[in-house]
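Visitor: here is a sequence together with a model predicted from it:
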Amino acid sequence: MAVVYTNHARPADTIGETMLDICDLTRRYGAVTALDAVSLHVPDATIVAVLGGSGCGKSTLLRLVAGLEPPDGGSIGFRGRPLAGVPPHLRQIGMVFQDYALFPHLDVAGNVAFGLHERRLTPAARTARVATLLDLVGLAGYGPRQIATLSGGERQRVALARCLAPQPALVLLDEPLAALDRTLRDRLVGELATVLRRVGVSALYVTHDQDEAFGLADRLVIMERGRVLQTGAPELVYGQPASVAVARFLGQRNLLPARVRSAEGARGVVRSALGDHVLPLPPGSRVGDHVTCIVRAEGITWHDGVVGGSLPARVLQRRFAGSRVALEVALTDAGLTLGCELSGIAAPAVGAVGWVSIHPAALWCCPAEPGSAPTPDP
Ligand code: ADP
Ligand code: MG
């Protein structure tokens, strides 16, 4: 029977509290501002994923939380207390590094037990704890194996077991799956989330990989050039990006210039080349404002015959991607091209003529980017 390892170090009265409270955190390296007033919160027993491109400050953020470097400004609160001046080994924070940083001269059990060395445990208790941790990460029986004989995925699990061994209250993970191939990554992302949830530990997980972040996060933080662009539940951030920058970062390509025609409370009529649509408006919108209308590619449906509300279309390009097909479709009357993602079953060929309809929930509108060309009045 599988032994379930839970984080007993966490007092019951901490459940529901904010584990990590980062406020206006700033870090500079010479002329580079790696973190620019970053604020984010990690509630207890929650996985927060920080998603951002290479060089946006993700690893810097984790190093500061771990106490490996001091900030230039701002604060880090941990369970309601400031962490400033607390050395890394007293922070109750575990870290999994991108390259795992395993000890090659120790076997698997030795690596995991390393995390326990500060604890007063009998050798028998230590062995039992190591076995429980290895079982937790799906490596039961791997104790005597040498690190050099392990696959990438197995090394990643050893690093996770070692990190969890001292029962940290918070785990920091720096792109822990980045070195693995896509298939393994897809599998491990689910396993990783399961292990973290079973242990009940809070986690701050940084990655540049959108699928990974969506696959495990309770909350998502989008970062760009040292700044937080948006925070929220993954589906909300994806479906309701607060800015064109977030939409672009998440892969949205159908970004149409539009204008607010009327506003009533938080909603209004937005006019773009697709016509008028009633949409939630960006906060503070006024009639006449330039906005950007986003059309999610997967919210577009192809029809061989005309249906109500559909627009005439012609397939310009087609890219086969197994389960899905990406199309570039010209909307003949609207005078624009949209990217569509259709199921790979029965997607039309290049040159096919038909109609497309757009799911109402596939439309969203953000403020126009500052400096973008003003929209001609549609
Ligand atoms: P990420 O992990 O998101 O790829 P990093 O946090 O590693 O980004 O880096 C953020 C920025 O800070 C980059 O421009 C990087 O070159 C710079 N940087 C990070 N660490 C140092 C350092 N020790 N010295 C100088 N520049 C650094
Ligand atoms: Mg990094």
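Guide: Now that the structure is in, tell me what you want to look at. Keep in mind that what you see is a predicted model, and the values were worked out from it rather than measured. Residues are numbered from 1 along each chain as shown. Ligands and ions are numbered 1, 2, ... in the order given.
Visitor: from here on, contacts and neighbour counts on C-alpha atoms
Guide: Will do.
Visitor: what sits against Leu177?
Guide: By C-alpha atoms under 8 Å, 6 or more residues apart in numbering, the residues touching Leu177 are 98, 156, 185, 188-189.
Visitor: try it again with 6 Å
Guide: Residues counted as contacts of Leu177 (C-alpha atoms under 6 Å, 6 or more residues apart in numbering) are Arg185.
Visitor: that one belongs to a helix, doesn't it?
Guide: No: read with DSSP: H, G, I helix; E, B strand; the rest coil, Leu177 is coil and lies in no helix.
Visitor: for ligand 1, what's the nearest residue on the stretch 101-250 of the chain?
Guide: The stretch 101-250 of the chain approaches ligand 1 most closely through Gly226 (7.1 Å), counting by C-alpha to the nearest ligand atom.
Visitor: strands of the stretch 51-200 of the chain, start to end?
Guide: Counting by DSSP state E, counting those that start in this stretch, one finds strands in the stretch 51-200 of the chain at the ranges 73-78, 81-82, 93-96, 170-174.
Visitor: with adjacent residues omitted, what lies nearest to Gly339?
Guide: Sequence neighbours aside, Glu328 is the residue nearest to Gly339 in space, at 4.7 Å (criterion: C-alpha to C-alpha, 6 or more residues apart in numbering).
Visitor: in which helix or strand does the one you found reside?
Guide: Using DSSP states H and E, the element containing Glu328 is strand 324-331.
Visitor: mean confidence for the helix or strand following that strand?
Guide: Where DSSP H and E defines the elements, the next helix or strand beyond strand 324-331 is strand 336-343. If you average the pLDDT over strand 336-343, you get 96.
Visitor: run a quick neighbour tally on the residue of the stretch 101-250 of the chain closest to ligand 1.
Guide: By other C-alpha atoms under 10 Å, 24 other residues sit near Gly226.
Visitor: the closest residue in space to it that isn't next to it in sequence and ligand 1: what is the separation?
Guide: Nearest residue to Gly226 in three dimensions, chain neighbours excluded: Leu35, at 4.1 Å (C-alpha to C-alpha, 6+ apart). Between Leu35 and ligand 1 the computed distance is 7 Å (C-alpha to the nearest ligand atom, to the nearest Å).
Visitor: so Leu35: helix, strand or coil?
Guide: strand.
Visitor: tell me what it is bridged to.
Guide: Arg27 (DSSP bridges).
Visitor: all helices of the stretch 51-200 of the chain, in order?
Guide: 58-66, 108-114, 123-136, 152-164, 182-199 (DSSP state H, counting those that start in this stretch).
Visitor: as CSV, the ones you listed with mean neighbour count and mean pLDDT would be great.
Guide: Shown next, in CSV, are the helices of the stretch 51-200 of the chain (neighbours: other C-alpha atoms under 10 Å; pLDDT from 0 to 100):
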stretch, mean neighbour count, mean pLDDT
helix 58-66, 22, 97
helix 108-114, 24, 94
helix 123-136, 18, 93
helix 152-164, 24, 94
helix 182-199, 16, 91
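Visitor: can I get those helices in TSV including distance to Pro283?
Guide: TSV is the format used below for the helices of the stretch 51-200 of the chain (distance: least, C-alpha to C-alpha, whole Å):
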stretch	distance to Pro283
helix 58-66	29
helix 108-114	50
helix 123-136	46
helix 152-164	42
helix 182-199	34
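Visitor: pretty sure the residue nearest to Gly339 contacts Phe320?
Guide: No: using C-alpha atoms under 6 Å as the test, Glu328 is too far from Phe320 to be in contact (11.9 Å).
Visitor: more crowded one of the two?
Guide: Using other C-alpha under 10 Å as the criterion, Glu328 and Phe320 rank with Glu328 on top: 18 against 13.
Visitor: wait, what's in contact with the more buried one?
Guide: When contacts are counted by C-alpha under 6 Å, 6+ apart, Glu328 touches 316-317, 338-339.
Visitor: how does this structure divide into domains?
Guide: In terms of domains, the chain is parsed into 12-239, 244-367 (source: automatic domain parsing).
Visitor: which bits of the protein sit near ligand 1?
Guide: Residues of the chain lying close to ligand 1 by C-alpha under 6 Å from any ligand atom are 29, 34, 54-60.
Visitor: the residues you listed: which two are farthest apart?
Guide: Spanning the widest gap among those are Tyr29 and Ser54, at 16.1 Å by C-alpha to C-alpha.
Visitor: more neighbours: the two, which one.
Guide: Ser54 (12 against 9).
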